[in-house]
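> quick one, structure for this:
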Amino acid sequence: MQHRRQFIKLVSIGSAALATGCTSNTSGTAPATEGGAIRGGSNGPLVLSTWKHGRPANAKAWEILSAGGDVLDAVEQGVAVVESDFTNRSVGLGGMPDRDGHVTLDACIQDHEGRAGAVAFVQRFEHPISIARAVMERTPHVMLVGAGAERWALENGFSPRDVDVPEVKTRWLEWLKKGDYKPVVNIENHDTIGMVAMDAQGRLAGSCTTSGLAFKIHGRVGDSPIIGAGLFVDGEAGAACATGVGELVIRTAGSHTVVELMRQGMEPTEACKEAVRRIMRQNKDMTDKQVGFLAIRADGAYGGWSVYNGFDFALRTNERDELVATGYDRTWE
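Presented below is the predicted three-dimensional model:
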């Protein structure tokens, strides 16, 4: 009860701060406030997710949370909406293939107590996020990969699905003519959907799912299914997720870094900013290499930051339903 009373008090303070910031907006992108800092809390449930495809994901998560549902169900079913959108080229079976023409999927999920599940390098399953949750709940493991993960999924009631997307095949065949690989900032050939959420009782959960880098080497796995890199949740401190070039996030255990900085007392935006700056210090040339973080602190404050401008996140609270532009350290020119 003491923790619950403290949460309510802190959220109330955060909500008052929010009221003086960005106004509510149900369409478009709201600019970041205070020179890029996003500060505030939420009077009730709170959902953050990456990029514009976070809007429909948030809508599903909010449907569950506003009805008093479980926050873990919310983050699973929220991102599953995007996995089922076969027009999306960075998540799910509609994503871009690797260099051999295979669409391979990665996902992870984590709850308030830190329990976690993940799958990597799986093919032909519409909802890797649900397989990841099943790994968490039905096995003593955290991650299953490749053919072993696919066999386990079949044995546990998940059915494969073949999806033919002519546009994807055409783009892959066009890529084969030169075979060049170059990431492009804020063009969703290397982005995910990451989601972190809090329910009205202050319980946290997070999820992350992706089809990974377009035209990656067959077998490549990025940060999205790695607990501590693409996602980290600790009910005592907060939750964070990442987007962008996964290799850079893995090398700094990016989402774990954000949560630990919040544990030490940093505001969520400042924690995300410091995690971004660590990556920038480690990599002297960040040309065309976008990385962004989102975070919710255990008291309901939230924020985000990125290397380049153009990283928007979807925000849903009782007061707001909009895209918000994070602050950034460099301008893409």
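> let me know how buried residue 295 is, in neighbour terms.
A count of nearby residues for residue 295, using other CB atoms under 10 Å, gives 32. Heads up, the C-betas are built off the backbone N, CA and C, glycines and all.
> confirm it sits in a helix?
No: with DSSP: H, G, I helix; E, B strand; the rest coil as the criterion, residue 295 is strand rather than part of a helix.
> per-residue pLDDT of residue 35, please?
Confidence at residue 35, expressed as pLDDT, is 35.
> got it, and residue 44?
73.
> distance check, it against residue 110.
22 Å (CB to CB, to the nearest Å).
> what does residue 305 give?
Taking CB to CB, one finds residue 305 at 21 Å from residue 110.
> neighbour count: these two, which is higher?
It is residue 110, of residue 305 and residue 110, that has more neighbours when counted by other CB under 10 Å, with 32 against 29.
> who are the contact partners of the residue sitting nearest the centre point of the chain?
Nearest residue to the geometric centre of the chain (CA atoms, centre = their mean): residue 194, 1.1 Å. Residue 194 is in contact with 49, 50, 206, 207, 208, 224, 230, 231, 241, 242, 243, 294, counting by CB atoms under 8 Å, 6 or more residues apart in numbering.
> what's the neighbour count on the last one?
Applying the criterion other CB under 10 Å, we find 33 residues in the vicinity of residue 294.
> please apply the same query to the fourth one.
Each residue near residue 207 was counted by other CB under 10 Å, and the total is 33.
> once you drop chain neighbours, what's closest to it?
Nearest residue to residue 207 in three dimensions, chain neighbours excluded: residue 75, at 4.1 Å (CB to CB, 6 or more residues apart in numbering).
> any idea how far residue 95 is from that neighbour?
Taken as CB to CB, the span from residue 75 to residue 95 is 20 Å.
> one more: residue 165?
Using CB to CB, one gets 9 Å for the distance from residue 165 to residue 95.
> between those two, which one's more packed in?
More crowded of residue 165 and residue 95, by other CB under 10 Å: residue 95, with 26 against 17.
> need the contacts of residue 194 in JSON lines (columns: pLDDT and distance to residue 63).
Below are those laid out as JSON lines (pLDDT from 0 to 100; distance: CB to CB, whole Å):
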{"residue": "49", "pLDDT": "97", "distance to residue 63": "14"}
{"residue": "50", "pLDDT": "96", "distance to residue 63": "19"}
{"residue": "206", "pLDDT": "98", "distance to residue 63": "18"}
{"residue": "207", "pLDDT": "98", "distance to residue 63": "16"}
{"residue": "208", "pLDDT": "98", "distance to residue 63": "20"}
{"residue": "224", "pLDDT": "97", "distance to residue 63": "24"}
{"residue": "230", "pLDDT": "98", "distance to residue 63": "25"}
{"residue": "231", "pLDDT": "98", "distance to residue 63": "22"}
{"residue": "241", "pLDDT": "98", "distance to residue 63": "20"}
{"residue": "242", "pLDDT": "97", "distance to residue 63": "25"}
{"residue": "243", "pLDDT": "96", "distance to residue 63": "24"}
{"residue": "294", "pLDDT": "98", "distance to residue 63": "20"}
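> pull out the buried members of these.
Buried members of the contacts of residue 194, counted by 16 or more other CB atoms under 10 Å: 49, 50, 206, 207, 208, 224, 230, 231, 241, 242, 243, 294.
> those residues in strands, which ones?
Among those, the members falling in strands are 49, 50, 206, 207, 208, 231, 241, 242, 243, 294 (criterion: DSSP state E).
> just to revisit the earlier point, among the buried ones among the contacts of residue 194, which one lies nearest to residue 257?
Nearest to residue 257 among these, counting by CB to CB, is residue 242 at 9.8 Å.
> what pairs with that closest one across the strands?
Per DSSP bridges, the residues bridged to residue 242 are residue 293.
> next: residue 234.
Going by DSSP bridges, residue 234 is paired in beta bridges with residue 238.
> so which residues of the stretch 101-250 of the chain form strands?
For the stretch 101-250 of the chain, the strands defined by DSSP state E, counting those that start in this stretch occupy 105-110, 116-122, 143-145, 193-198, 204-210, 231-234, 238-244.
> want to throw those into JSON lines with distance to residue 55?
Compiled in JSON lines, the strands of the stretch 101-250 of the chain are given as follows (distance: least, CB to CB, whole Å):
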{"stretch": "strand 105-110", "distance to residue 55": "20"}
{"stretch": "strand 116-122", "distance to residue 55": "25"}
{"stretch": "strand 143-145", "distance to residue 55": "29"}
{"stretch": "strand 193-198", "distance to residue 55": "11"}
{"stretch": "strand 204-210", "distance to residue 55": "16"}
{"stretch": "strand 231-234", "distance to residue 55": "20"}
{"stretch": "strand 238-244", "distance to residue 55": "15"}
